[in-house]
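Q: Take this sequence and fold it.
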Amino acid sequence: MGAADMTRRDVGEARIRVPQRISKGDTILVHSIVQHPMDTGFFRTTDGQPIPAWFIKDVVVKYAGQQVAKFTWTSGISRDPVMSFHLVADREGPLTLQWIDNKGAVFEQTAQITFSAT
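A: This is a model prediction of the structure:
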């Protein structure tokens, strides 16, 4: 199931999950998923037509307006990629993930990091 099975509307739907309770200084586990076909360009349709490469090539993570990580991906990542990483929650603010694919499309999702009342 590749790009032919996904509509443009489906591509780029993303979710970020952070813990419900966060205290300042906690190391939290962030989970994210983005819908994308991640086609390698090496496969063909049932009619024998090549399926062009279409994959996320860069992922940028910003926390409270500051870039804290950047990942470079290749076409070898699976469809609808999931990414998890640890983050030290040292301030409140938005956590934004941005996915950029090889066709220039940019997909973005934000979760708010807020500290729990003690």
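Q: Name the next helix or strand following the helix or strand containing residue 83 along the chain.
A: For residue 83, the host element (DSSP states H and E) is strand 82-89. Downstream of strand 82-89, the next assigned helix or strand under DSSP H and E is strand 93-101.
Q: Each with direction, which strands does the first helix or strand past that next one going along the chain pair with?
A: Moving toward the C-terminus from strand 93-101, the next helix or strand (DSSP H and E) is strand 106-113. Strand 106-113 has these partner strands in its sheet, going by DSSP bridges: strand 93-101 (antiparallel).
Q: ok and the partner strand relative to strand 82-89, angle-wise?
A: 150 degrees (axes from the mean of the first three to the mean of the last three CA atoms, to 10 degrees).
Q: Could I have the CA atoms of strand 93-101 written out in PDB?
A: The C-alpha coordinates for strand 93-101 follow below in PDB (Å, rounded to 0.1, in the frame of the first residue of the first chain):
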ATOM      1  CA  GLY A  93       6.200  26.000  26.000                       C
ATOM      2  CA  PRO A  94       5.200  24.500  22.700                       C
ATOM      3  CA  LEU A  95       6.900  21.300  21.400                       C
ATOM      4  CA  THR A  96       6.700  21.400  17.600                       C
ATOM      5  CA  LEU A  97       7.600  18.600  15.200                       C
ATOM      6  CA  GLN A  98       8.000  19.400  11.500                       C
ATOM      7  CA  TRP A  99       8.300  16.700   8.900                       C
ATOM      8  CA  ILE A 100       9.600  17.700   5.400                       C
ATOM      9  CA  ASP A 101       9.300  15.300   2.500                       C
END
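Q: per-residue confidence averaged over that strand?
A: In this model, strand 93-101 has a mean pLDDT of 97.
Q: quick one: buried residues of that strand?
A: 93, 95-101 (16 or more other CB atoms under 10 Å). Using the backbone N, CA and C atoms, a C-beta is placed for each residue, glycine as well.
Q: ok, residue 67 touching residue 59?
A: No - using CB atoms under 8 Å, residue 67 is not in contact with residue 59; the gap is 11.3 Å.
Q: Which of those two has more residues huddled nearby?
A: residue 59 (21 against 11; other CB atoms under 10 Å).
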